[in-house]
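Novice: Provided below for reference: sequence and predicted model.
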Amino acid sequence: MTEFASSKWRATLQLLALVVLFSAAAVYESTRLSALTGSEVWVHLRTGIWILENHAIPHTGVFSQYSNMAWNDSSWVFDLLLAAAYKLLGLRAIPILLMLQKAGVAVVTFLLAYSGRRDFWKAIVLSALAQYVISGLQPLPYVLSVIFFAVELQLLVSSLRSGSVRRLYWLLPLFVLWANLHTQFVAGLALLAVFLIAYLVEYCLRSLNVRWLRSRSVPPLTQLSTIAALCLLATFATPYGFRLLPDFLRSQYSDAAFVHFSEMASMSFRRPQDYVLMLLVMMAFLALGRKRSLEPFELLVLLAGTALAFRIQRDAWLVVLPAIAVLSTTSFSGHHESGPQQMTVRTWEWGTVAVAAAVVLAIAAVRLPGRDALMDRIGQNLPVKACVYIVSNNLPAPLFNEYSWGSFLTWYLPEYPVVVDSRVELYSDDVLAKYFDVVGGKERLDSDPMVARAGTLLLARNSAMAKALRNLPALSSQYRLVYSDEMANVFVPARNER
């Protein structure tokens with residue numbers, strides 16, 4: 001009886017741990033409302049509303065002063081779903097979206113960590129570390145790429161362990177959906193390419209009778225190649241066809257991004273998360289070194305993810321997930337754990353966890369504040385009051401705006417085309433470089449066409465450009481400060497002053 005009670009208590013504790021793991025980050029988001037502090041989500045919302053209103057997919061730079069330039073909305077399905085949720089739930093849709101995304105990241109990281117030796121508590125710890133390292137999430141399509149990448153990695157690893165390709169056919173619908181949600185489906189194709197390279201390496205080593213390879217059945221190369229080719233073709237099933245592939249480099253790794261965006265810089269090791277990431281990666285390499293057999297795929301994907309993550313801190317998740325996959329199969333004690341740590345969860349128990357986590361999330365969502373309180377939260381980071389002044393005083397369009405506010409302005413001031421926003425793939429490197437030269441003081445304001453055609457200038461109060469317009473006599477005579485608060489300054493050309 002005592003043993004039965006102890007087992008029941010242990011199972012209850014484990015299920016409770018899962019509920020907390022899957023819902024903690026989402027509940028925290030419902031109180032902090034960080035989803036409303038960023039700028040990028042707003043252009044996705046505005047684009048989704050445009051799709052609903054026009055029953056079409058955009059092909060040019062709508063909401064921008066470069067509306068004649070070609071633009072492929074690689075996340076059009078995400079934008080559409082976000083707009084539909086906004087129509088139904090209002091501003092609450094944005095924090096709810098991030099809550100669901102954070103819960104999704106918790107689920108896939110746990111399953112990835114649990115899939116190896118089924119060490120329950122180690123999987124709990126690894127998933128918690130992954131959520132800590134992949135911090136600062138925003139309600140954007142790239143979070144779906146994190147989730148899909150984890151699912152793909154799990155499918156590939158399980159195929160290697162079983163020697164069967166049957167599960168890999170799930171990659172086809174995965175890539176069809178992924179290609180319509182976020183341009184970083186290319187990272188998934190790269191992972192598939194690494195998988196094929198590792199297969200060829202392992203095949204060559206086996207032909208040389210290398211002893212340190214694990215004895216296992218190997219899927220036929222023809223099947224793997226066929227699946228890979230079909231996955232590539234599946235990514236063309238979008239309104240833009242193959243054009244999203246070249247867009248990937250322009251949007252994710254443009255020259256201007258490396259120069260002007262801090263998230264593209266190398267890891268600086270000024271945050272605790274950076275050190276946790278380094279420790280996680282070191283443990284993964286140590287785990288590979290302790291294995292009795294060589295795992296070419298795990299080694300190659302971990303090396304590639306490490307090189308990219310430490311060069312571009314934005315892409316840290318590309319090494320976090322492979323590290324978890326490696327550690328999931330490793331026992332640092334040197335033997336396979338058994339007993340209570342191994343947890344074979346029955347279907348009804350998974351259902352119980354899912355229902356309990358859903359109830360917790362639903363309660364957190366219901367307790368979200370109303371629109372006025374949410375707008376106040378937005379106004380703490382974005383120029384809501386300045387925008388109200390611009391509209392109420394009917395200041396002239398178009399805008400010359402702060403870069404970090406551009407996406408928000410496409411939603412809040414749709415009648416004012418912005419000079420720039422977060423859609424890097426829309427603006428060429430030349431346009432972005434010219435813009436940052438202007439706001440950085442490298443170009444004369446009175447001769448730049450971006451500034452010359454602007455009817456209203458909306459700038460951060462402490463920006464160099466705003467200070468120059470306020471304090472330099474040659475410029476203050478040409479531009480009048482008509483509004484100022486603790487966050488923003490609004491200027492109009494003297495010729496337009498009313």
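Specialist: Everything's here; your move.

Novice: quick one: buried residues of the helix ranked longest in the chain?
Specialist: The helix that spans the most residues within the chain, counting by DSSP state H, is helix 2-32. For helix 2-32, the buried set under the neighbour-count rule, 16 or more other C-beta atoms under 10 Å, comprises 14-15, 17-27, 29-30. Backbone N, C-alpha and C define where each C-beta goes, glycine included.

Novice: cool, and stretch 289-297?
Specialist: In stretch 289-297, residues buried by neighbour count (16+ other C-beta under 10 Å) are 294-297.

Novice: Kindly report the same for stretch 57-65.
Specialist: Buried residues in stretch 57-65, counting neighbours by 16+ other C-beta under 10 Å, are found at 57-58, 61-65.

Novice: go on, stretch 302-313?
Specialist: 302, 304-306, 308-310, 312-313.

Novice: circling back: could the buried residues of stretch 289-297 go into JSON lines alongside pLDDT, secondary structure and distance to Arg371?
Specialist: Putting the buried residues of stretch 289-297 into JSON lines (pLDDT from 0 to 100; DSSP: H, G, I helix; E, B strand; the rest coil; distance: C-beta to C-beta, whole Å) gives the following:
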{"residue": "Leu294", "pLDDT": "73", "secondary structure": "strand", "distance to Arg371": "58"}
{"residue": "Glu295", "pLDDT": "82", "secondary structure": "coil", "distance to Arg371": "52"}
{"residue": "Pro296", "pLDDT": "85", "secondary structure": "helix", "distance to Arg371": "54"}
{"residue": "Phe297", "pLDDT": "89", "secondary structure": "helix", "distance to Arg371": "49"}
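
Novice: ok, which pair from the residues you listed is furthest apart?
Specialist: Pairwise distances among the buried residues of stretch 289-297 were taken by C-beta to C-beta; the largest, 10.1 Å, belongs to Leu294 and Phe297.

Novice: anything in contact with each of these two?
Specialist: When contacts are counted by C-beta atoms under 8 Å, 6 or more residues apart in numbering, Leu294 and Phe297 have no shared neighbour.

Novice: excluding its backbone neighbours, what's nearest Val301?
Specialist: Setting aside the residues directly before and after it, Val301 is nearest to Pro322 in space (C-beta to C-beta, 6 or more residues apart in numbering), at 4.7 Å.

Novice: The one you found sits in which helix or strand?
Specialist: helix 317-328 (DSSP states H and E).

Novice: ok, then the element right after that helix?
Specialist: Using DSSP H and E, the helix or strand that directly follows helix 317-328 along the chain is helix 347-366.

Novice: and Leu458, helix, strand or coil?
Specialist: Applying DSSP: H, G, I helix; E, B strand; the rest coil to Leu458 yields a three-state assignment of strand.

Novice: Enumerate every residue touching it.
Specialist: Residues 383, 386-387, 390, 399-402, 405, 409, 488-490 are the ones in contact with Leu458 under the rule C-beta under 8 Å, 6+ apart.

Novice: what's the closest of the buried residues of helix 2-32 to His44?
Specialist: Closest to His44 out of the buried residues of helix 2-32 is Glu29 (17.7 Å), distances taken as C-beta to C-beta.

Novice: returning to that earlier point: remind me what whichever helix or strand comes after the longest helix of the chain packs against, helices and strands.
Specialist: Note on helix 2-32: by DSSP H and E, the next helix or strand toward the C-terminus is helix 41-54. With contacts defined as 3 or more C-beta pairs under 8 Å, 6 or more residues apart in numbering; DSSP states H and E, the secondary structure elements packing on helix 41-54 are helix 76-89, helix 406-412.

Novice: if we can go back for a sec, which strands or helices does the longest helix of the chain pack on?
Specialist: Applying 3+ C-beta pairs under 8 Å, 6+ apart, one finds that helix 2-32 makes contact with helix 93-114, helix 120-133, helix 347-366.

Novice: Run through the residues that contact the residue nearest to Val301.
Specialist: Contact criterion C-beta under 8 Å, 6+ apart gives 153, 284, 298, 301-302, 305 as the residues in contact with Pro322.

Novice: TSV please, covering those residues and showing secondary structure.
Specialist: Below are those laid out as TSV (three-state DSSP):
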residue	secondary structure
Leu153	helix
Ala284	helix
Glu298	helix
Val301	helix
Leu302	helix
Gly305	helix
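
Novice: so which two of those are the farthest from each other?
Specialist: Across those, the two members that end up farthest from each other (C-beta to C-beta) are Leu153 and Ala284, 13.0 Å apart.
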